[in-house]
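Q: how does the following fold in three dimensions:
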Amino acid sequence: MLNVSEAFVSKWKIRFENEGASALKLNYKGGKGFLTDDQRDEIIFFLRRQPHYSVEELRDYIERHYGVVYHSKQSYYDLLKAGRLSWHRTQAANPNRDEAQVLQKRAAIKKTRGAPSRHRFG
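A: Purely as a prediction, here's the structure:
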């Protein structure tokens, strides 16, 4: 079921018998990050002051200032999220939003929802 050899199971069984359950714990602590905690905090602080920022702009900024290029875009997405920007929409709010137009559109939608349906079935 685990797709491991009998020797592998035997090795860990002996280790459990000799050292107890704590010997079975995973000792891997993860790899060292590319950025220090301080550098990451600086980037997040920088992003929070931006009205919008794209993944490409963030990649270039980090490479230029810290000499780091991530292999995966997920690292950039995580930084944008921490900076309160979305990678789906890389700005906190729509700068062209007209509140009057939004309210007018909502009212129109409510009117059409309450109107009887024009579709006839059958």
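
Q: which residues of the chain score low on pLDDT?
A: Along the chain, the parts satisfying pLDDT under 70 run over 28-31, 87-96, 114-122.

Q: how far away is the residue most central in space within it from Ile44?
A: In the chain, the residue lying closest to the centroid (Cα atoms, centre = their mean) is Asp78, at 4.0 Å. Per Cβ to Cβ, to the nearest Å, Asp78 is found 10 Å from Ile44. Backbone N, C-alpha and C define where each C-beta goes, glycine included.

Q: equivalent analysis for Lys73, please.
A: Lys73 is 17 Å from Ile44, by Cβ to Cβ.

Q: what sits against the nearest residue to Arg48 once chain neighbours are set aside?
A: In space, and not counting its chain neighbours, Arg48 is closest to Gly83: 5.2 Å by Cβ to Cβ, 6 or more residues apart in numbering. Gly83 sits next to Ile43, Ile44, Phe46, Leu47, Arg48, Gln50, Tyr53 when contact means Cβ atoms under 8 Å, 6 or more residues apart in numbering.

Q: quick one: Gly83 from Gly67, how far?
A: For Gly83, the distance to Gly67 (Cβ to Cβ) stands at 20 Å.

Q: quick one: the helices in this protein, in order.
A: 6-19, 37-48, 55-66, 74-82, 99-114 (DSSP state H).

Q: just those helices: most buried one?
A: Mean neighbour counts were compared across the helices of the chain using mean count of other Cβ atoms under 10 Å; the top stretch is helix 74-82, at a mean of 17.

Q: so which elements touch it?
A: helix 37-48, helix 55-66 (3 or more Cβ pairs under 8 Å, 6 or more residues apart in numbering; DSSP states H and E).

Q: how far off centre is the first one?
A: Just to be clear, that refers to helix 37-48. Here helix 37-48 is found 16 Å from its chain centre; the criterion is Cα atoms, centre = their mean, to the nearest Å.
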